[in-house]
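Colleague: got a structure for you, letters missing:
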């Protein structure tokens, strides 16, 4: 099999390592571009959200590169993401005539037997080797998240604009090349140390902004038009609400054993949205409340256009913002959204937050 999978942030590094170690030829999903989005939009249903279109375009590009198998995840609940692979499979096979296999991992909690059957088909190494590969993959994903977290802290303080981003790119390359857990830990430690040594203006007091929203648009820079890096270059410390390893623990490992996670987020959201509405809608409300309690200056909600859970959250956000005195900027993203327009809105929001901080400090002085 020549396998491909969704491109979502840095996760491709871990998944590539796992699938290659299992004995498969991996067709790396190309980083999404405008061409990818145009391709997906051409064949996607009109009502489909932005992640659906980007993923469909990614699969089409990977198929042209030789992929004959797509491995992705499913889902449950009100969010349409659970139907993505089924609809994309019909488009690829029935509408476009591609002879491609689509493998969908459904949530473990509901599909232990199905997951076992898929793994029995995919895993071409011994159980011991598979467990070792899984642990190496997990360590790579943890390392990638650690590098990103530290970059969010350093970037708004850097004296040489772009130094952090250059080092991050090198760190990702080093983690990709690492073949053992020891190597992963060593290159992570080395790159984190280098990042701390980037010349920084420690006198700066960056604005603190939380980024919330739907997982794909939060994790994939192309889709969110590099919001996190742009804010960092504006001198803003960004706390991203979603990292893949945290999400995996909450929604795969804990959920598989019916352990309730994210209780603090759900408790925070309960006065405004007590029910799960699918996707990350409830999380977006709860995280906004928690960012306010943590003393952040503002929150940015990233939402795909037509995403029902985030639209519901957006309708509630004004009340949360009023109750907790927390400015919130919602960015609805689709194929028509341009980077220049997003940058302009971010600049205006950052200026507003800076003036608000100065006013509040003046009032409490």
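Modeller: Done, it's in. Note that the structure is predicted; figures quoted are calculated from it, not measured.
Colleague: do you know how far the closest residue to residue 310 other than its chain neighbours is from residue 336?
Modeller: Using Cβ to Cβ, 6 or more residues apart in numbering and skipping the chain neighbours, the partner closest in space to residue 310 is residue 303 (3.4 Å). Placement of C-beta: from N, CA and C, glycine included. Residue 303 is 14 Å from residue 336, where distance means Cβ to Cβ, to the nearest Å.
Colleague: neighbour count for the two, which is higher?
Modeller: The neighbour comparison of residue 303 against residue 336 (other Cβ atoms under 10 Å) goes to residue 303, with 27 against 8.
Colleague: ok so, going back, surely the residue nearest to residue 310 is in contact with residue 216?
Modeller: No. Using Cβ atoms under 8 Å, residue 303 is not in contact with residue 216, being 10.8 Å away.
Colleague: identify each buried residue in the host helix or strand of residue 102, please.
Modeller: If you go by DSSP states H and E, residue 102 is part of strand 101-105. Using 16 or more other Cβ atoms under 10 Å as the test for burial, strand 101-105 gives 102, 103, 104, 105.
Colleague: give the contact list for the last one.
Modeller: By Cβ atoms under 8 Å, 6 or more residues apart in numbering, the contact set of residue 105 is 71, 72, 73, 74, 115, 118.
Colleague: next: residue 314.
Modeller: Contacts of residue 314 by Cβ under 8 Å, 6+ apart are 301, 303, 330, 332.
Colleague: in strands only, show me these.
Modeller: 301, 303, 330, 332 (DSSP state E).
Colleague: residue 87 and residue 81: what is the separation?
Modeller: 11 Å.
Colleague: which ones are touching the closest residue to residue 149 other than its chain neighbours?
Modeller: Once flanking residues are discounted, residue 149 sits nearest to residue 243: 7.3 Å by Cβ to Cβ, 6+ apart. For residue 243, the contacting residues are 145, 148, 149, by Cβ under 8 Å, 6+ apart.
Colleague: can you say which of those residues are buried?
Modeller: Applying 16+ other Cβ under 10 Å to those flags 145, 148 as buried.
Colleague: name the nearest of the contacts of residue 243 relative to residue 294.
Modeller: Residue 294 has its nearest neighbour among the contacts of residue 243 in residue 149, at 15.4 Å by Cβ to Cβ.
Colleague: isn't there a helix covering the closest one?
Modeller: Yes. The assignment for residue 149 (DSSP: H, G, I helix; E, B strand; the rest coil) places it in a helix.
Colleague: gap between it and residue 200?
Modeller: 16 Å.
Colleague: helix or strand right after the helix or strand of the chain with the lowest mean pLDDT?
Modeller: Between all helices and strands in the chain, the lowest mean by mean pLDDT, DSSP states H and E belongs to helix 255-256, at a mean of 50. Downstream of helix 255-256, the first helix or strand assigned by DSSP H and E is helix 263-269.
Colleague: for that following helix, which positions count as buried?
Modeller: Judged by neighbour count using 16+ other Cβ under 10 Å, the buried positions of helix 263-269 are 265, 266, 268, 269.
Colleague: stretch 145-156 too?
Modeller: For stretch 145-156, the neighbour count (16+ other Cβ under 10 Å) marks 145, 146, 147, 148, 150, 151, 152, 153, 154, 155, 156 as buried.
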